[in-house]
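Colleague: Here's my sequence, what's the structure:
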Amino acid sequence: MSIEPHEMKKFVNTIRDVEQAMGEPRRIMTDQEKANRLNIRRSAILDEAVSEGQKLSSAKIKFKRPGYGIAPDQYENMTNMYFNKALPKGHVLSVKDLS
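Modeller: Have a look, this model is predicted:
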């Protein structure tokens, strides 16, 4: 494109404004954002009580908020594990509940 010399300053300023509006390419989470992300993630939660020795894949599981327990992507790799104790309905599953 052709641009007149007197228009060049305005053109450069527009480019700098766009660069500033785009922000930094690397996103750094604040401490508040880190704390809040667990509240929006999901965890495996028992939809019915289970007994000791029961296989995880046979249990009724729902994935609900908050994300303090086993995440859905972790759950897929743990289906062959067994419960090491009886747990009530509504319990948020963690790795220490399984063996």
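Colleague: I figured Lys60 was touching Ala44, is that so?
Modeller: No - with contacts counted by Cβ atoms under 8 Å, Lys60 stays clear of Ala44, the gap being 10.7 Å. For every residue, glycine as well, the C-beta is placed using N, CA and C.
Colleague: Neighbour count for those two, which is higher?
Modeller: Ala44 (23 against 11; other Cβ atoms under 10 Å).
Colleague: Work out the gap between the helix or strand in which Gln20 is found and the centre of the chain.
Modeller: Secondary structure from DSSP states H and E places Gln20 in helix 5-22. Centroid displacement of helix 5-22 relative to its chain, using Cα atoms, centre = their mean, to the nearest Å, is 38 Å.
Colleague: neighbours of the nearest residue to Pro66 once chain neighbours are set aside, just the number please.
Modeller: Nearest residue to Pro66, sequence neighbours excluded (Cβ to Cβ, 6 or more residues apart in numbering): Asn39, at 4.8 Å. Neighbour count of Asn39, defined by other Cβ under 10 Å: 10.
Colleague: so how far is Arg65 from Asp73?
Modeller: 16 Å (Cβ to Cβ, to the nearest Å).
Colleague: Just the buried positions in the following helix or strand past the helix holding Gln20, please.
Modeller: Using DSSP H and E, the helix or strand that follows helix 5-22 in sequence is helix 31-40. Buried residues in helix 31-40, counting neighbours by 16 or more other Cβ atoms under 10 Å, are absent.
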